[in-house]
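Novice: take this sequence and fold it.
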Amino acid sequence: MHYSRISAFLLGALLLGSLFMAFVATGNFQTVSEILKSPPPQAEKMIKQLGDENARLLLRYQAGEENRLFFESWETAQLVLGLLLAGLLFLWDKGRLLAGLAGAIVVLTVFQHFKITPELVWQGCAVDLMPVTADPTARQQFFRLHATYGVIEAVKLLLMVAIGIALFPRRRRARQQVEIDAVDYAHDRHVDG
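Specialist: Residues are numbered from 1 along each chain as shown. This next block holds a predicted model:
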């Protein structure tokens with residue numbers, strides 16, 4: 001069985017998914033600003049009726065809801081991919097240490113999924129609809145939790161990179177020794193002019 005190839009595929013899926021989620025999470029909130037800067041004519045009338053601040057709150061809530069759904073779904077996918085990767089690496093004789101690293105990714109994801117994400121979802125819903133002038137304590141607590149989530153994601157990415165480096169060791173090719181026969185012709189010692 002091609003343990004390293006299948007492991008590389010699963011690892012690639014984990015890495016790509018994590019990078020994609022970072023792109024999506026920031027992109028959803030940037031879209032809110034872009035819509036409010038230059039809304040389509042049909043939406044401009046609705047935004048004026050709501051008022052700029054209410055429209056911003058509503059659109060940020062929508063972006064937050066999408067992000068919450070995406071992150072919960074991605075965490076579930078990470079658990080499945082991580083368990084498959086850890087199991088496959090464990091079965092591979094050369095991958096026992098790597099299986100431990102993949103297991104650490106799974107443990108961190110379980111912690112995120114069952115401890116941090118539910119709290120982020122609950123606080124995020126409240127913060128998304130909170131006016132900027134409201135008490136900053138809830139917002140600060142949300143951002144601390146969000147930062148913790150981000151640090152865990154960074155650690156997981158580092159573990160994935162470490163697994164990737166170990167899966168693809170540098171293969172040093174043996175230098176080919178080429179023997180060159182010395183040619184010593186007496187009449188070839190001059191330079192033609």
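
Novice: show me the contact partners of stretch 26-34.
Specialist: Where contact means Cβ atoms under 8 Å, 6 or more residues apart in numbering, the residues beyond stretch 26-34 that reach it are 56, 59-60, 62-64, 66-67. Glycine gets a C-beta too; all of them are placed from N, C-alpha and C.

Novice: state the pLDDT value of the residue lying closest to Thr76 once chain neighbours are set aside.
Specialist: The shortest distance from Thr76 to any residue that is not its chain neighbour, by Cβ to Cβ, 6 or more residues apart in numbering, is 7.3 Å, and that residue is His113. We note a pLDDT of 95 for His113 in this prediction.

Novice: in contact with His113, which residues?
Specialist: Here His113 is in contact with 72, 75-76, 79 (criterion: Cβ under 8 Å, 6+ apart).

Novice: how about TSV for those residues, with pLDDT, neighbour count and distance to Gly17 added?
Specialist: Listed next are the contacts of His113 as TSV, based on pLDDT from 0 to 100; neighbours: other Cβ atoms under 10 Å; distance: Cβ to Cβ, whole Å:
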residue	pLDDT	neighbour count	distance to Gly17
Glu72	94	14	13
Glu75	96	18	10
Thr76	97	12	11
Leu79	97	16	12
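
Novice: in helices, which of those fall?
Specialist: Among these, the subset assigned to helices under DSSP state H consists of 72, 75-76, 79.
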